[in-house]
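> Sharing a model that was predicted from the sequence below.
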Amino acid sequence: MNRLKPDPTHQQEHVVDVIYDVKCYHCGQPCDEVYLESEKSFCCYGCKTVFEILEENNLCDYYDLETRTGTPLTSVDEGSFDYLDEPRIRKKIVTFDSASFARVSLYIPSVHCISCIWLLENLKKIECAILRSEVNFARKTVIIDFNPAQITLGKIAGLLQSLGYTPRITLDSDTSPKPTTDRSLIFKLTIAGFCFGNVMLFSFPVYLGLDQSDQYLKQTFSWLNLALALPVFVYSASDYFRSASKSFRQKQINIDVPIAAGLLALFLRSSYDIITTTGAGYLDSFTGLVFFLLIGRWFQSKTYESLAFDRDFKSYFPLAVQKLVEKKWNPVVVYELQPGDVIRIRNMEVIPADCRLLDGQAYIDYSFVTGESKPVNAICGDSIYAGGRLIGPPVTFRVDKKTSQSQLTGLWNNEAFKKVTENRTQKIIDRAARKFTWVVMAIAVVTAIYWQMINPAQMWLVLTSVLMVACPCALALAAPFTYGSMLRVFGRNHFYLKNADVIERLGAIDAVVFDKTGTVTYGQHPDVSFIGALTTEELLTVKELTSASTHPLSELISNAISGNGPERLSSFKEVVGKGIEGVIGGQVIRVGSAEFVGLFNAARQGSTCVFVSVDGEVKGYFSICAAVRNDVESMLRRLGKKCVALVSGDNESDKKKMSIVFGPSVQLLFNQTPHDKLAFIRGLRNMGRRVMMVGDGLNDSGALKQSDVGIAVTDNTGIFTPACDGILEGGKINLLDKFVDLARSSTSILKTGFVVSFLYNTVALTFAVTGNLTPLVAAILMPISSISVVAFSSLAVNFVASKKLQT
Amino acid sequence: MNIIIVLIAISLNIAVAFLIAFLYSVKSGQYDDTYSPSIRMLFDDKIKTKSVKEKEHGNSPKSKGTIEKV
């Protein structure tokens, strides 16, 4: 749909006969029309241009590094980047600026392979004013150092765009570069690991081989151990103590409370033993515990750096817009727009505020805002809502409301966006920890009373031993490794979750609500089918006629017909809002609405229809409707009763089709505003349902946020996705029910892991209550229990996943 | 057996030095992007200089125009 229109003059020069299975030399896509250059074929003028630029600069190594190199230029926005040179806008983007040196960091979603890195880092060969460029592949950003005296920022962005690497500059680009990832966990883990290793080295001679004559060595080793354990106690384990004291103050027991108690008992008891020279202490167990616990945290904290789960409208809206100031068009930052301002929007640009159309007519694509897949035809004076995308030639608007107060952006003022979404449900691990803590406390008290009566001198030693082994390390490791492994399994299947907590909520889902456009159906490639009778030659003439029009529906039809017309179009007329007419080879072809072709009593069809007549005779119509994604139907059947509703912003034209896809028991709601969607989800949740919302557009943002689990579906992870708990690639939506299923089984795997760890704790407790817990026993039991729980969780998850995802 | 104390002192110091080196490398962002450096080192510094064909001169103003146009 967003095809770069080939320049007609070049078209005539290079187009040869229709050749199928020819792949574009630049982007590897099959070519519809072939453009030849240096004996290489290209699918479009854009791809050819990139090749020319590269060849001219001797950068054709680009094509040797990887086979499917280039980005197809068919989906490139055509906007200009001149606004970046406006000083106030420039200041927001450039990270460092001086007279002869400036640095900018640009987000480029289309970076995907080795060739991309190579080309972007060789920009200086194309443009000598660029001093250096460096790609961060994980974040898909390129840092460019350039000489502002020789090249402007707008030119750099334009150069990138002409190569197919359009930088994405949106309203939220101006906030300073992303906060650097939290490295403190890595530091804590490193230090704990370092100390654990060394403490273990010093401990084992003490446990095993030293006799009385080496007493001074024993002392030295013990003191060294204490010195090594101190940073672990003060720094590495600090999170556990902090979290435990916080949950104490809130009078809630979470998993960190017994952990902190155990760690504290271990460290104090060991310090006491060493200082009073009564024993070797349990410092290897202590440091080992902290090390394993931190590994669990680290494993669980897998993140997808190139994906963002917290975007709002700001990352969808443009940063700047052309505003009329004293009869001149000047770029201004969108925030500064005031009601009454006159702005100009170009093809494929997003309208940044609610406004009124000043020009004759325009086509606005609201698919991302309302879910309506067909572009809306607006005429002069119509009010246009923010978030729509203009299709066609540039038009002017008068701003009605500021961006922050527009219809759509008002959604973000809803309270659903204000509350903290985490910790909504009591986590399984914390429920288990609470029971566990009570049991341990009871055992500790009973043991203390018993030893007080038998042998008061031993009482404290036994009591601390009980607390020490009760430290639920294995318990605390079961969750990170179960959920962390599951997170990776999902990631391998192109289902990216924000964090591991989402899995638990996902497993508890009992109601699923779908959006239609872009979620259940493809967002961009509607089904175009012709119903009626047309010969191949007539079809080609229709293609020729429709390709002459810029109307979105014409483009869809023209793209759907393969082949090339005879190019005999002799007269062309477009009747706005009705259709197009042309004379080709002596035949009068009309394409448009039923009335336009002379059909006045046509029955209303469910989908969008475009009628065709040849010489006044109606030949049939093109039916254009959004295509349902593959295998969605069988997925919905497997979901069964869990699938509750379809909530679409689109009109009811697809109702019949959707009721076949979804079955009779599912509620189908159309014409829903973003606020309606949010309210619908809230209603379900108030009924006690645990809701998963599956959507894709800005209009689903509220519903995604309000639901227990909000999943955004996207066909390209590089483009905008609204704030959500997980991002699912469109092609994998047929696995959605299996993902829910897997999430549920990971909860049962977790519970089994709990049982395993409880068994170890029971064994260890029998040593402790009988007063037999020597440092050696602790040093053996602790790692075995941890490792076995870790192994069990990871293996079980991968086993279950491979079994379920295969069938 | 006193020698063991000396050896321990030396080995601990070396170990701590490596620990600090590692922490420094993490802090300076050397592990932030583990993919592109591994690729970057394999690129040839010199770009293959193909003899510029006469034919390309015909094209060059056009492609230059494209850069400037955008």
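Received it, and whenever you're ready, just let me know what you need. Numbers count the residues shown, from 1 in each chain, chains lettered A, B, ... in the order given.
> burial measure for the residue nearest to A:Leu289 when sequence neighbours are not counted, as a count.
Nearest residue to A:Leu289, sequence neighbours excluded (C-beta to C-beta, 6 or more residues apart in numbering or on different chains): A:Cys473, at 5.1 Å. For the C-beta atoms, the positions are set from N, CA and C on the backbone; glycine is no exception. Residue neighbour count, defined by other C-beta atoms under 10 Å in any protein chain shown, stands at 28 for A:Cys473.
> Against chain B, how distant is A:Pro352?
22 Å (C-beta to the nearest C-beta, to the nearest Å).
> quick one: the residue nearest to A:Leu289 and A:Ile259 touch, right?
Yes. Using C-beta atoms under 8 Å, A:Cys473 is in contact with A:Ile259, at 7.2 Å.
> what is in contact with the two at once?
A:Leu293 (C-beta atoms under 8 Å, 6 or more residues apart in numbering or on different chains).
> Who are the packing partners of the helix or strand harbouring A:Gln215?
Under the criterion of DSSP states H and E, A:Gln215 resides in helix A:215-231. Packed against helix A:215-231 by the contact rule (3 or more C-beta pairs under 8 Å, 6 or more residues apart in numbering or on different chains; DSSP states H and E) you find helix A:184-204, helix A:256-275, helix A:283-300, helix B:2-27.
> For the first one, C-alpha coordinates in CSV please.
It stands for helix A:184-204. Taking C-alpha atoms only, helix A:184-204 is exported to CSV below (Å, rounded to 0.1, in the frame of the first residue of the first chain):
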residue,chain,number,x,y,z
SER,A,184,24.4,-3.2,39.9
LEU,A,185,23.1,-6.7,39.7
ILE,A,186,26.1,-7.7,37.6
PHE,A,187,28.4,-6.1,40.1
LYS,A,188,26.7,-7.8,43.1
LEU,A,189,26.8,-11.2,41.3
THR,A,190,30.5,-10.8,40.3
ILE,A,191,31.6,-9.9,43.8
ALA,A,192,29.5,-12.7,45.3
GLY,A,193,31.0,-15.2,42.9
PHE,A,194,34.5,-14.0,43.5
CYS,A,195,34.2,-14.2,47.2
PHE,A,196,32.4,-17.5,47.1
GLY,A,197,35.2,-19.1,45.1
ASN,A,198,37.9,-17.8,47.4
VAL,A,199,36.0,-18.6,50.6
MET,A,200,35.5,-22.2,49.4
LEU,A,201,39.3,-22.5,48.7
PHE,A,202,40.1,-21.4,52.2
SER,A,203,37.3,-23.4,53.9
PHE,A,204,38.0,-26.9,52.6
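> List the buried residues for that helix?
A:186-196, A:198-203 (16 or more other C-beta atoms under 10 Å in any protein chain shown).
> which residues touch the residue nearest to A:Leu289?
So A:Cys473 contacts A:Ile259, A:Gly262, A:Leu289, A:Phe292, A:Leu293, A:Met782, A:Ser785, A:Ser786 (C-beta under 8 Å, 6+ apart).
> swap in A:Val610?
Contacts of A:Val610 (C-beta under 8 Å, 6+ apart): A:Leu553, A:Ile557, A:Gly579, A:Val591, A:Gly592, A:Ser593, A:Tyr621, A:Phe622, A:Ile624.
> hang on, the fourth one is in a strand, isn't it?
Yes. Going by DSSP: H, G, I helix; E, B strand; the rest coil, the assignment for A:Val591 places it inside a strand.
> which among the buried residues of helix A:184-204 are in contact with chain B?
A:Ile186, A:Phe187, A:Thr190, A:Ile191, A:Phe194, A:Asn198 (C-beta under 8 Å from any C-beta of the partner chain).
> Could I get the contacting residues of A:Asp527?
A:Ser623, A:Ile624, A:Cys625, A:Ala626, A:Ala627.
> Quick one, grab the pLDDT at the fourth one.
Translated: A:Ala626. We have a pLDDT of 71 for A:Ala626.
> any idea how far A:Val632 is from the closest residue to it other than its chain neighbours?
Among residues not flanking A:Ala626 along the chain, A:Thr521 sits closest, at 3.7 Å (C-beta to C-beta, 6+ apart). As judged by C-beta to C-beta, to the nearest Å, A:Thr521 and A:Val632 stand 8 Å apart.
> Kind regards, and thank you for your time.
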